[in-house]
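Colleague: quick one, structure for this:
(one chain, ligands or ions: 1)
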Amino acid sequence: MNATQGQAEKHEFSAEVGRLLDLVVHALYSDREIFLRELVANAADATDKRRFEALTDSALALPENAGIRITPEKDRKELVISDDGVGMTHDELAQNLGTIARSGTRAFGEKLSSAKAEDRPSLIGQFGVGFYAAFMVADSVDVTSRKAGSDEAWTWSSDGKGSFTLTPSTRSAPGTDIVLHMKDDADEFLDSWRLRSIIRKWADHISWPITLRETKEDGTTEDKAANEGTALWRKPKSEITPEQYTEFYRHIARAFDEPYATMHWHAEGTTEFTALLFLPSARPFDFMEQSRESRIHLHVRRMFITDEADLLPSWMRFVQGVVDTEDLPLNVSREMLQATPVLARIRKAVTKRVLTEIKNRAKTADDAFTAFWENFGAVIKEGLWEDSEHRQEIAGFARFHTTQSDDLTTLDDYIARMKDGQEVIYFLTGDNLDALKASAQLEGFRARGLEVLLLSDPVDGFWPERLHSYNDKILRSVVYSHGDLEKFQTDTDETIEPADLEKLVPALKEALGDTVKDVRGTVRLTDSAVVITSEGGPDLAMQRLMRRSGQSLPEAPPILEINPRHPLIKALSERVSKGESIKDLARVLLDLARVQEGEPLPDPTGFARLLAGLLAGSAAA
Ligand SMILES: Nc1ncnc2c1ncn2[C@@H]1O[C@H](COP(=O)(O)OP(=O)(O)OP(=O)(O)O)[C@@H](O)[C@H]1O
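Modeller: Here you go, the predicted model:
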């Protein structure tokens, strides 16, 4: 199986692979055994893939005894992992094993290099380091692969130090052999008992047979079954221990945490299926960068079919697990999967069950649910935007930050705390929680004891437009709610005489020209002098978000609102009544409002110069 003929081509690893390899090998020493989990999972994926492709091309059919073979060669200090999977071409070997395609992998490298040593194993747990984990135990690795449907085989070889070679090779049948030339200190992974226990721990549920070559006392060898391969979800609940559930969850999610919730049930009736689903208790670190599709595994009569059947809405994509049905044929094609009503029925039932589980856990309102919400709330809120069927239910258990306290609140609790006469659930959206808490937009609401929801996840810019109302209470941004403020008393503004705006407003309008849409007095401010806002359409925070996500929006000048009780506005008003110019001050005032709102300045240098001039004047005075 090793390369014997032809010229070796030398290739350099992409820079990221080099760095990742270095990190994986040096940082994760204590968790070395997961190399086997990663290689066996890859072998199983490749075998699944070939089985699926053979449905439409019988030439690719798997051999009768298809499986994964693990062979320790103690004398040669080699460990060989072979599969009958789909295999890789020359280009696929170079691409898959020489570059990093997933952006998450890059982020992983960055996170790992900055993590404390004791946190590293759990990071690796959250992330399948994949094939490169082999270099934790091997000085060098040879991968010989023949693509199903092709006669050509190639061997990829590397010592994991910057480059790899590709050499023409031979293999009697399609599939892949991975030969690990083990490090001196990795002998334990050539022992059958050790290998067997790792397989039991990590790969027991893989439905392909895994065999382990064992040497008998007389020196002959025997391939012995090493995994149980029974589908755990088919066993009665009473026969499954919590540890087995956890191990299965970790296997299917490639995770290290405990499941937060385990849902295991058998449905009978119009559609028959068994489901074993989990809510994770930790968020995979690259979760927000992963694709938006649910990855629940669909099996038909125990046989893995696909993880692309979209069995749950994408706002539930954190759910992990398996659905196994009797009601589809084993040779179900992708087209059929999309069209069959069976899948639609299963999807409905499974979604309902997960929703009920989350709702029940939300009712307990304990720390575990808060942690769950902190991990996945930003994704769940996508459902408020796109899942019209469940929108109100999601709103019922969603949690929010507010101006009231540091604890998260529900909308029901917010409503219970509403002031007499308050009809509206107020919210403010923005980029981050601290900036929101300090926003000038909140001053008038704070002064009147009106609680405001603080929404700082990117998705918060969108869903309020579709939720409209909850329990007959309208949701509205504080940016568009200043009219409501007149209805509520505050004890701060009575004592200070407001400035006369009659001359100031036209003077500001003249000084600012078409850089503003309007200038007006406001009651929404107590501490700040000015605020900018927009009228109708998306508010300024939303406009910024939309621009950042690449949408082009027409530039609309903002409205400048001024606080008649602020000393600066009073001073300006006096200047105007004395007939003095406020041209420069007006421009600084507008830019100050922009800075406060987090808006970019159109002319930062001009602003700095003007401000320096004004400061020089006041410092000299
Ligand atoms: N035994 C194999 N047979 C066929 N292709 C393989 C095999 N092992 C790896 N590959 C290919 O190489 C790619 C990279 O493997 P690697 O384990 O590094 O990442 P991954 O499996 O895509 O992701 P992860 O392991 O991080 O979940 C795989 O996606 C697959 O295309």
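Colleague: residue in the stretch 101-250 of the chain nearest to the ligand?
Modeller: Of all residues in the stretch 101-250 of the chain, the one sitting closest to the ligand is Gly130 (2.6 Å; CB to the nearest ligand atom). Just so you know, the C-beta spots here come from the backbone N, C-alpha and C atoms, and that holds for glycine as well.
Colleague: give the contact list for Arg171.
Modeller: Shown in contact with Arg171 (CB atoms under 8 Å, 6 or more residues apart in numbering): Met1, Thr144, Ser145, Arg146, Ala153, Asp177.
Colleague: tell me, how many residues neighbour Ile474?
Modeller: Using other CB atoms under 10 Å, the number of residues around Ile474 comes to 13.
Colleague: I misspoke; the intended subject was Asp431.
Modeller: Around Asp431 there are 16 residues (other CB under 10 Å).
Colleague: any idea how far it lies from Asp218?
Modeller: According to CB to CB, to the nearest Å, Asp431 stands 71 Å off from Asp218.
Colleague: is the residue of the stretch 101-250 of the chain closest to the ligand in contact with Glu38, as I believe?
Modeller: Yes: counting by CB atoms under 8 Å, Glu38 is a contact partner of Gly130 at 5.5 Å.
Colleague: these two touch, right, Leu436 and Gly430?
Modeller: Yes: contact criterion CB under 8 Å: Leu436 and Gly430 qualify, at 4.5 Å.
Colleague: neighbour-wise, which of the two wins?
Modeller: Gly430 (25 against 22).
Colleague: so the more buried one makes contact with Ala438?
Modeller: No: applying CB under 8 Å as the test, Gly430 and Ala438 come out as separate, 9.9 Å apart.
Colleague: name the residues of stretch 155-170 that come out as buried.
Modeller: Buried residues in stretch 155-170, counted by 16 or more other CB atoms under 10 Å: Thr155, Trp156, Ser157, Ser158, Gly160, Phe164, Leu166, Thr167, Pro168, Ser169, Thr170.
Colleague: which one of the residues you listed is nearest Ala43?
Modeller: Of all the buried residues of stretch 155-170, Ala43 sits closest to Trp156, with 15.3 Å by CB to CB.
Colleague: any residue of the host helix or strand of the closest one up close to the ligand?
Modeller: Assigned by DSSP states H and E, Trp156 belongs to strand 153-158. No: using CB under 6 Å from any ligand atom, strand 153-158 stays clear of the ligand, with a minimum separation of 10.2 Å.
Colleague: who does that strand touch, helix- and strand-wise?
Modeller: Counting contacts by 3 or more CB pairs under 8 Å, 6 or more residues apart in numbering; DSSP states H and E, strand 153-158 packs against helix 90-98, strand 138-146, strand 163-169.
Colleague: which of those sits closest to Val523?
Modeller: helix 90-98 (62.4 Å).
Colleague: still on that earlier bit, the buried residues of stretch 155-170: which two are farthest apart?
Modeller: Gly160 and Thr170 (24.7 Å).
Colleague: check which helix or strand covers the residue nearest to Phe369 when sequence neighbours are not counted.
Modeller: Excluding the flanking residues, the one nearest Phe369 by CB to CB, 6 or more residues apart in numbering is Arg361, at 5.2 Å. Taking DSSP H and E as the definition, one finds Arg361 inside helix 341-364.
Colleague: give me the buried positions along the helix or strand just after that helix.
Modeller: Note on helix 341-364: by DSSP H and E, the next helix or strand toward the C-terminus is helix 367-380. For helix 367-380, the buried set under the neighbour-count rule, 16+ other CB under 10 Å, comprises Phe369, Phe372, Trp373, Asn375, Phe376, Gly377, Ala378, Val379, Ile380.
Colleague: report pLDDT for the closest residue to Ile380 other than its chain neighbours.
Modeller: In this structure, Ile380 finds its nearest non-sequential neighbour in Trp315, 5.7 Å apart by CB to CB, 6+ apart. pLDDT recorded at Trp315 is 97.
Colleague: likewise Pro558?
Modeller: 90.
Colleague: and for Asp204?
Modeller: 76.
Colleague: quick one, phi psi at it?
Modeller: The phi/psi pair for Asp204 (degrees, to the nearest 10) reads phi -60, psi -30.
Colleague: so, low pLDDT: which residues of the protein?
Modeller: Under the criterion pLDDT under 70, the flagged ranges of the chain are 1-5, 27-30, 100-109, 112, 117-129, 330-331, 491-495.
Colleague: enumerate the residues of it near the ligand.
Modeller: Residues of the chain lying near the ligand (CB under 6 Å from any ligand atom): 38, 42-43, 46, 83, 85-88, 96-97, 128, 130-131, 176.
Colleague: shouldn't Lys74 be in contact with Glu188?
Modeller: No: contact criterion CB under 8 Å: Lys74 and Glu188 do not qualify, at 11.5 Å.
Colleague: can you give me the helices in the stretch 251-400 of the chain?
Modeller: For the stretch 251-400 of the chain, the helices defined by DSSP state H, counting those that start in this stretch occupy 334-339, 341-364, 367-380, 382-386, 391-397.
Colleague: outside of stretch 363-383, which residues touch it?
Modeller: Residues outside stretch 363-383 that contact it (CB under 8 Å, 6+ apart) are 260, 279-283, 287-288, 313-318, 358, 361-362, 390-391, 394, 397-399, 408, 457-460, 463.
Colleague: scratch that, stretch 291-306 is what I was asking about
Modeller: Counting by CB under 8 Å, 6+ apart, residues outside stretch 291-306 touching it are 48, 51-52, 207, 231, 234, 252, 277, 307-314, 316-317, 319-326, 328-330, 332, 334, 337, 343, 350.
Colleague: of these, select the buried ones using a ChimeraX command.
Modeller: Of these, the buried ones go into a single ChimeraX selection, burial set by 16+ other CB under 10 Å:
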select :48,51,52,231,252,277,307,309,310,311,312,313,316,317,319,320,321,322,323,324,325,328,332,337,343,350
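Colleague: from the contacts of stretch 291-306, which ones fall inside strands?
Modeller: The strands, defined by DSSP state E, take in Leu277, Gln320, Gly321, Val322, Val323, Asp324, Thr325 from the contacts of stretch 291-306.
Colleague: of those, closest to Glu502?
Modeller: Gln320 (65.3 Å).
Colleague: now the residue lying closest to the closest one once chain neighbours are set aside: how far from Pro280?
Modeller: Ranked by CB to CB, 6+ apart and with sequence neighbours excluded, the top spatial neighbour of Gln320 is Ala253, at 4.1 Å. Using CB to CB, Ala253 is found at 6 Å from Pro280.
Colleague: cool, and Ser238?
Modeller: Taking CB to CB, one finds Ser238 at 25 Å from Pro280.
Colleague: same deal with Gly377?
Modeller: Gly377 is 14 Å from Pro280, by CB to CB.
Colleague: okay if I get the ones in strands among the contacts of stretch 291-306 as CSV plus distance to Asp184?
Modeller: Below are the ones in strands among the contacts of stretch 291-306 laid out as CSV (distance: CB to CB, whole Å):
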residue, distance to Asp184
Leu277, 44
Gln320, 38
Gly321, 41
Val322, 40
Val323, 46
Asp324, 44
Thr325, 49
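Colleague: determine which two of those are furthest apart.
Modeller: Gln320 and Thr325 (17.9 Å).
Colleague: got the contact list for the nearest residue to Leu276 once chain neighbours are set aside?
Modeller: In space, and not counting its chain neighbours, Leu276 is closest to Trp233: 3.8 Å by CB to CB, 6+ apart. Applying CB under 8 Å, 6+ apart to Trp233 gives the contacts His264, Thr274, Ala275, Leu276, Val322, Asp324.
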